[in-house]
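Chemist: Need a 3D model of the following:
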Amino acid sequence: MSKTVDDLRNEIRQAVGRYERVESTAFTKEALAAICDAVGYDIDANRLPSKPQMRAGVLWKIGELDDDDPEEAERPFRKAQLESVAAALRDEE
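Modeler: As a prediction, the model looks like this:
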């Protein structure tokens with residue numbers, strides 16, 4: 001059975017040491033920062049970049065984008081992107 005978007009988000013949250021969420025929500029800046037750290041995308045933890053910048057950085061680091069252009073990641077991760085992020089984090093374990 002295919003995982004839902006919520007299942008994938010929670011798998012990713014757990015993989016980076018964040019808490020599962022019962023309600024359906026996009027990633028917080030703090031969760032995105034944890035994902036950036038897990039995939040090796042360097043950010044300033046004292047002054048977090050925008051969500052699009054962090055999403056673009058994650059997608060760039062896992063090979064889904066050619067660079068970390070925030071205009072390519074204006075919207076929350078799509079299901080296929082979540083699957084790619086989850087797979088990349090599984091490979092890190």
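Chemist: quick one: low-confidence parts of the protein?
Modeler: Scanning the chain for pLDDT under 70 picks out the ranges 93.
Chemist: Scan it for its longest helix.
Modeler: Assignment by DSSP state H gives helix 79-92 as the longest helix of the chain.
Chemist: ok, now which ones touch Ala31?
Modeler: 13, 16, 18 (CB atoms under 8 Å, 6 or more residues apart in numbering). Backbone N, C-alpha and C define where each C-beta goes, glycine included.
Chemist: could I get the residues you listed as CSV with neighbour count, distance to Asp68 and secondary structure?
Modeler: Formatted as CSV, these follow (neighbours: other CB atoms under 10 Å; distance: CB to CB, whole Å; DSSP: H, G, I helix; E, B strand; the rest coil):
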residue, neighbour count, distance to Asp68, secondary structure
Arg13, 18, 22, helix
Val16, 19, 18, coil
Arg18, 19, 22, coil
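Chemist: Looking at those residues, which one is closest to Gln53?
Modeler: Nearest to Gln53 out of these is Val16 (CB to CB; 17.4 Å).
Chemist: what's the closest one sitting at in phi/psi?
Modeler: phi -110, psi 20 (degrees, to the nearest 10).
Chemist: who's in contact with the longest helix of the chain?
Modeler: 3, 5, 8-9, 11-12, 15-16, 35, 38-39, 58-59, 61-62, 64, 77.
Chemist: Are any of those residues buried, and if so which?
Modeler: 8-9, 11-12, 15-16, 35, 38-39, 58-59, 61-62, 64, 77 (16 or more other CB atoms under 10 Å).
Chemist: Please consider this matter closed, and thank you.
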